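Colleague: Structure of the sequence below:
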Amino acid sequence: MKLGALSAMVILAALSPASGRAQPPVTRPFGTPFGTPFGTQPPVLTSLAINDTATTVSRVARSLDLRHVVAGARPVEYRISARADMANSLWMPYVTPLQLGSWQSLIGRGAPVCDGRRSGQRLQLFLQVRTQLGGTVHIVRRQRVMVPQRIESNIVSDAICVVDDP
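Modeller: Here you go, the predicted model:
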């Protein structure tokens, strides 16, 4: 079995209570919660490009296209932030292609000036996705309730220069 960074496996050996003999090992992707289908990998973002790798965007543009690549499980939600810690960003239903409208408010006061330009501000965006992989059982008011297990991806970023002239 070939193991890579994203496909590290945890091997669990269970003992049969009746015989005390080892059962065949059960393998599952590292970090995948129990109750999820075998072979399901959490989502991993491998790239992000704002407006298809454009270097500038007009301040009056209606939306930004967020081209990205996801490996593993298909996301069900995403969030975007101008902060790396994703503070105050809300999870939204995942649809493709991802477009960000009303993005101008993400340019903060004191945003850095673009390299080599007298005008224009640098906007850096961070993207994260998550999926639902199985669930866990919780006891609520003496009833078993299945609570979805949501697994978040890594965070990727890209930057673009916002200019006043189109």
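
Colleague: Confirm residue 105 sits in a strand?
Modeller: No: Residue 105: not assigned to a strand; according to DSSP: H, G, I helix; E, B strand; the rest coil it is helix.

Colleague: Give the buried residues for the helix or strand containing residue 157.
Modeller: For residue 157, the host element (DSSP states H and E) is strand 156-163. Buried residues in strand 156-163, defined by neighbour count with 16 or more other C-beta atoms under 10 Å: 156, 158, 160-163. Bear in mind the C-beta positions are built from the backbone N, C-alpha and C, glycine included.

Colleague: Pick the one among these closest to residue 119.
Modeller: Using C-beta to C-beta, residue 163 comes nearest to residue 119 of the buried residues of strand 156-163, at 6.5 Å.

Colleague: In contact with that closest one, which residues?
Modeller: Contacts here follow C-beta atoms under 8 Å, 6 or more residues apart in numbering; on that basis residue 163 touches 56-59, 114, 117, 119-120.

Colleague: Check residue 97 too.
Modeller: 65-67 are the contacts of residue 97 under C-beta under 8 Å, 6+ apart.

Colleague: In space, what's closest to residue 164 - neighbours in sequence excluded?
Modeller: residue 59 (5.5 Å; C-beta to C-beta, 6 or more residues apart in numbering).

Colleague: about what we covered before: can I get the contacts of residue 97 in CSV including distance to residue 124 and neighbour count?
Modeller: Listed next are those as CSV, based on distance: C-beta to C-beta, whole Å; neighbours: other C-beta atoms under 10 Å:
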residue, distance to residue 124, neighbour count
65, 16, 16
66, 13, 22
67, 16, 15
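
Colleague: Name the nearest of those relative to residue 133.
Modeller: Out of the contacts of residue 97, the member with the shortest distance to residue 133 (by C-beta to C-beta) is residue 66, at 23.4 Å.

Colleague: how close does the residue positioned nearest the centre of the chain sit to residue 71?
Modeller: Centroid-nearest residue in the chain, with C-alpha atoms, centre = their mean: residue 129, separated by 2.5 Å. Using C-beta to C-beta, to the nearest Å, one gets 11 Å for the distance from residue 129 to residue 71.

Colleague: which residues are in contact with both of those two?
Modeller: residue 43.

Colleague: tell me which helix or strand of this protein sits lowest on mean pLDDT?
Modeller: For the chain, counting by mean pLDDT, DSSP states H and E, strand 9-12 ranks last in confidence among helices and strands (a mean of 31).

Colleague: Just the buried residues of the contacts of residue 163.
Modeller: 57, 114, 120.

Colleague: Return the subset of these lying in strands.
Modeller: If you go by DSSP state E, the buried ones among the contacts of residue 163 have residue 57 in strands.

Colleague: That'll do, ta.
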